[in-house]
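**Student:** Everything below, folded, please.
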Amino acid sequence: MKITKVESFVLHVPITPPITDAINAATHWGLAGIRIYTDEGITGYGYTGTTAKGDEMIVETIDRYYGPALIGKDPFMVKEIWDELRFGSMHWIGRAGITHMALAAVDIALWDIMAKAANKPLWQYLGGHKSKKIKAYNTNGGWLNWSKERLIKDVTEIVESGFTGVKIKVGKPDPREDYDRCKAVRKVIGDDVIFMIDVNQQWNINTAMTWGKKLEEFDLYWLEEPLNPDDVMNHRKLADALNVPIALGEHVYSKYAFRDYIHQGAVEYVQVDVTRVGGITEWMQVAGLAASYDLPICPHVGDMGQIHQHLVASTQNAIMLEYIPWIRDIFVEPATVKDGHYVLPELPGASTEIIPAYFDKYRVR
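**Tutor:** The predicted structure is shown next:
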């Protein structure tokens, strides 16, 4: 099999209603991606997720540097291709961020091709571990721009629909408001539902030490992204001081950065995101590294779960998956949760193929 053609794309899918966390505001979810065509008629889809800002820089990397290097390649040589792109002409200017997100899109499309060629869903092609379902937790009811009343209404409905885990955003200018919202959520969901909070990097170490301790009374499952994601030292300090485990990874872009976090004991739930870390090829290396430290994988879903459902289903130390349903309806086989669990995909590939009508409707480039 040979690659004959590549085509980049950008889709902007509306988020209704718009959301905010402690550092981001979004009206659309962006998919910056690639379609890879082969001489055997199989097309692979890969993409990375954005807040619909900066997509043009990601696809420019694909168009000018990664795409031309793919022509004539055998997609089954995915690891060789990964190395050639990672250490190619873009290595000088970027080993994370835009270049790695572009690499992720390419790598995902290649794995999509291989699984389709094998006529298997990706989770089986990778070697299945969970044959029936994946535990899901819901983030989509806890946005920072929600009023306290709406927050309570949404988390209540989420639990009533069958989810046994919810996550809300914190990081208000006054942490006492975060405390009040957490107290209200724990009261309404009861003691048996898993409860996580996500700071989105908003705190400094002093705020995290003070309010992380105060919020322990709500039996938090984890404290997510409390500090700057480059600050390994203070995450280690915080992990040592708190009884609440530290979760992070959505802004960690390489296995080497994860290695430093893990080896220093600065992370306890590894949230490696396939759309940030350079694709499936490097995601699996991070998962293996975490497994050697007996740490669980709980991915951040920059892909909104389409690809990660396969990775969690094929990875022993991946224990559950975030659920945000913003873009699911655009896919041929949408990520689906029933009774609080992902239903495993059945179609061949990585569940990245987009319905043509939606591809045309939301395409901006």
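**Student:** Distance of His28 relative to Leu103?
**Tutor:** 23 Å (C-beta to C-beta, to the nearest Å). Every C-beta, even on glycine, is put in place using the N, C-alpha and C of the backbone.
**Student:** cool, and Asn140?
**Tutor:** Taken as C-beta to C-beta, the span from Asn140 to Leu103 is 28 Å.
**Student:** ditto for Leu122
**Tutor:** On the measure of C-beta to C-beta, Leu122 and Leu103 end up 18 Å apart.
**Student:** again, but for Lys53
**Tutor:** Distance from Lys53 to Leu103, by C-beta to C-beta: 19 Å.
**Student:** More neighbours: those two, which one.
**Tutor:** A side-by-side neighbour count of Lys53 and Leu103, using other C-beta atoms under 10 Å, places Leu103 first with 30 against 11.
**Student:** what kind of secondary structure is the nearest residue to the more buried one once chain neighbours are set aside in?
**Tutor:** Distances taken as C-beta to C-beta, 6 or more residues apart in numbering place Gly278 nearest to Leu103, at 4.8 Å, with adjacent residues excluded. Of the three states, Gly278 takes coil under DSSP: H, G, I helix; E, B strand; the rest coil.
**Student:** any idea how far Gly278 is from Tyr323?
**Tutor:** 24 Å.
**Student:** So for the two, which residue has more residues nearby?
**Tutor:** A side-by-side neighbour count of Gly278 and Tyr323, using other C-beta under 10 Å, places Gly278 first with 29 against 26.
**Student:** in terms of contact, does that one touch Ala102 like I think?
**Tutor:** No. When contacts are counted by C-beta atoms under 8 Å, Gly278 is not listed as touching Ala102 (9.4 Å).
**Student:** Tell me which stretches of the stretch 1-150 of the chain form helices.
**Tutor:** Listed in chain order, the helices of the stretch 1-150 of the chain (DSSP state H, counting those that start in this stretch) span residues 55-61, 67-70, 78-86, 98-117, 122-125, 148-160.
**Student:** Pick the most deeply packed of those helices.
**Tutor:** helix 98-117 (a mean of 27; mean count of other C-beta atoms under 10 Å).
**Student:** Report the mean confidence score over that helix.
**Tutor:** Across helix 98-117, pLDDT averages out at 98.
**Student:** Please apply the same query to stretch 313-326.
**Tutor:** 98.
**Student:** which of the residues in that stretch are buried?
**Tutor:** Ala313, Ser314, Thr315, Asn317, Ala318, Met320, Leu321, Glu322, Tyr323, Ile324, Trp326 (16 or more other C-beta atoms under 10 Å).
**Student:** wait, which of these is closest to Lys133?
**Tutor:** Ala313 (8.8 Å; C-beta to C-beta).
**Student:** Dump the C-alpha coordinates for the longest strand anywhere in the chain into CSV.
**Tutor:** In the chain, assigned by DSSP state E, the strand with the most residues is strand 3-20. The C-alpha coordinates for strand 3-20 follow below in CSV (Å, rounded to 0.1, in the frame of the first residue of the first chain):
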residue,chain,number,x,y,z
ILE,A,3,0.1,7.0,0.0
THR,A,4,-1.0,8.8,-3.2
LYS,A,5,-2.5,12.1,-1.9
VAL,A,6,-3.0,14.1,1.2
GLU,A,7,-5.5,16.9,1.9
SER,A,8,-5.6,19.1,5.0
PHE,A,9,-8.8,20.5,6.4
VAL,A,10,-10.2,22.8,9.2
LEU,A,11,-13.7,22.3,10.6
HIS,A,12,-15.3,24.6,13.1
VAL,A,13,-18.3,23.0,14.9
PRO,A,14,-20.5,25.2,17.0
ILE,A,15,-20.6,24.8,20.8
THR,A,16,-24.1,25.5,22.1
PRO,A,17,-24.1,27.3,24.4
PRO,A,18,-20.5,28.8,24.4
ILE,A,19,-18.4,27.8,27.3
THR,A,20,-15.5,29.1,29.5
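**Student:** could you say what helices and strands that strand packs with?
**Tutor:** Judged by 3 or more C-beta pairs under 8 Å, 6 or more residues apart in numbering; DSSP states H and E, strand 3-20 is in contact with strand 25-38, helix 55-61, helix 67-70, helix 356-362.
**Student:** For the first one, which helices and strands make contact with it?
**Tutor:** Just to be clear, that refers to strand 25-38. Checking 3+ C-beta pairs under 8 Å, 6+ apart, strand 25-38 ends up next to strand 3-20, strand 43-50, helix 55-61, helix 98-117.
**Student:** Tell me what angle the longest one forms with strand 25-38.
**Tutor:** Looking back up the chat, that one is helix 98-117. Using axes from the mean of the first three to the mean of the last three C-alpha atoms, to 10 degrees, one finds that helix 98-117 and strand 25-38 are set 50 degrees apart in direction.
**Student:** How far away from the center of its chain is helix 98-117?
**Tutor:** Relative to its parent chain, helix 98-117 has a centroid offset of 15 Å by C-alpha atoms, centre = their mean, to the nearest Å.
**Student:** same for it, what does it pack against?
**Tutor:** Counting by 3+ C-beta pairs under 8 Å, 6+ apart, helix 98-117 packs on strand 25-38, strand 43-50, helix 55-61, helix 78-86, helix 122-125, helix 280-292.
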